[in-house]
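In: Structural data only, the sequence is not supplied:
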């Protein structure tokens, strides 16, 4: 049991008591316990998401000897968390993620409706002979792909591509116990069209 | 004469031959020689300003432990200059300037006409009883002040408030001999309204 707790803690960075309970619930199965913790984490995250996040950090990242630059604002609730090493590491990871993966929006709700309509039109064009039902299914799959490419929270985390950024965020919220919000970012690429 | 050249070089960072010629033209008077060099520098700068600046650096500056952040793109013509220490120092100075002095635009031409009209209206309101000629004069003085506060190139350089940013830029253009353009910047302040 103690070994299992240790493994689970390493895999999830959750607290000892949380790991113990999750393992009990999962009858000692590590994979199931991770699921239990994740569900709990996401629940915790959604409970916290209505709380005001007014503190935080602005982080930057300069890549390729000054050819790419990122500025990002990440909010939390207190100055205390803003100085937390794990929170700082998260802000660094996110600014590197933005440099590497070129998102255009923070979350899918931020995609302007005219961009979304245009994208749907382009995606649907080569499919116009498909029956309606098949078309809707293919289209929704392609749209998901579009969100994954353009929205930071939907992107696979570059340091661990099996995890999405929103899962990394939710895990941090669950662990730290404060609402955390990626508020805005700017990414410059040298000489790009504005 | 050699001493005068040394003083002039320290004050202007211009080349030896340029200093020698300027001192000759100014009959050995340092202040006049600086004027000569400045005129030359500004002329040099305006000659270069039509050349394409496609290379350069993106620089960032994080201030007050992550509560203010700046991202800036500064262009030059070649990769060689982009790696030049003096050019790098300039990009650092400019990002600190933006953090400290909160400009809203790069140059006065970037102020949107509706912002300018609104500003004129506000500035003119308490002056409505003045005769037209006096009003125009006061208004143009107040507008200059507005540009000095809001436009990066018009701002006094925080490290040397007697010099404007555009003069620092022109001196660098004259010295390095490439067109240099402050292209764009973003400044975040933690929790500010977007």
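Out: Received, thanks. Everything quoted here is computed from the prediction, not taken from an experiment.
In: rest of the way, CA atoms for contacts and neighbours
Out: Fine.
In: Local confidence estimate at residue A:43?
Out: Model confidence at residue A:43, given as pLDDT, is 54.
In: got it, and residue A:98?
Out: 98.
In: now swap in residue A:174 and tell me
Out: So, for residue A:174, pLDDT stands at 91.
In: Give me the neighbour count for residue A:118.
Out: Residue A:118 sits with 11 neighbouring residues when counted by other C-alpha atoms under 10 Å in any protein chain shown.
In: For it, which residues are in contact?
Out: For residue A:118, the contact set (C-alpha atoms under 8 Å, 6 or more residues apart in numbering or on different chains) is empty.
In: One more pass at 10 Å, please.
Out: residue A:124 (C-alpha atoms under 10 Å, 6 or more residues apart in numbering or on different chains).
In: Report pLDDT for it.
Out: Residue A:118 is given a pLDDT of 92.
In: Just the element for it, please.
Out: helix A:113-124 (DSSP states H and E).
In: What residues sit buried inside that helix?
Out: For helix A:113-124, the neighbour count (16 or more other C-alpha atoms under 10 Å in any protein chain shown) marks A:120, A:123, A:124 as buried.
In: Over to stretch A:81-91?
Out: A:81, A:82, A:87, A:88, A:90, A:91.
In: Quick one: low-confidence residue ranges for chain A.
Out: Scanning chain A for pLDDT under 70 picks out A:1, A:10-13, A:41-50.
In: who's in contact with the residue in it sticking out farthest from the centre?
Out: Distance from the C-alpha centroid of chain A peaks at residue A:129, with 36.2 Å (C-alpha atoms, centre = their mean). Residue A:129 is in contact with residue A:135, counting by C-alpha under 10 Å, 6+ apart.
In: Next: residue A:192.
Out: residue B:54.
In: what kind of secondary structure is it in?
Out: coil (DSSP: H, G, I helix; E, B strand; the rest coil).
In: what's it sitting at in phi/psi?
Out: Note on residue A:192: backbone dihedrals following degrees, to the nearest 10 are phi -60, psi 160.
In: next helix or strand past the helix or strand hosting residue A:172?
Out: Assigned by DSSP H and E, residue A:172 falls within helix A:165-176. Per DSSP H and E, the first helix or strand lying C-terminal to helix A:165-176 is strand A:181-189.
In: by contact count, what packs against that next one?
Out: If contacts are counted by 3 or more C-alpha pairs under 10 Å, 6 or more residues apart in numbering or on different chains; DSSP states H and E, strand A:181-189 sits against strand A:55-63, strand A:68-76, helix A:85-101, helix A:165-176, strand B:55-63, strand B:68-76, strand B:181-189.
In: So which residues on chain A come close to chain B?
Out: A:53-75, A:82-83, A:88, A:183-192, A:194 (C-alpha under 10 Å from any C-alpha of the partner chain).
In: Of the helices and strands packed on strand A:181-189, which is nearest residue B:103?
Out: Comparing the helices and strands packed on strand A:181-189 by their distance to residue B:103 (C-alpha to C-alpha), the top pick is strand B:181-189, with 8.7 Å.
In: What strands flank the closest one, and is each parallel or antiparallel?
Out: Neighbouring strands of strand B:181-189 in its sheet, by DSSP bridges, are strand B:68-76 (antiparallel).
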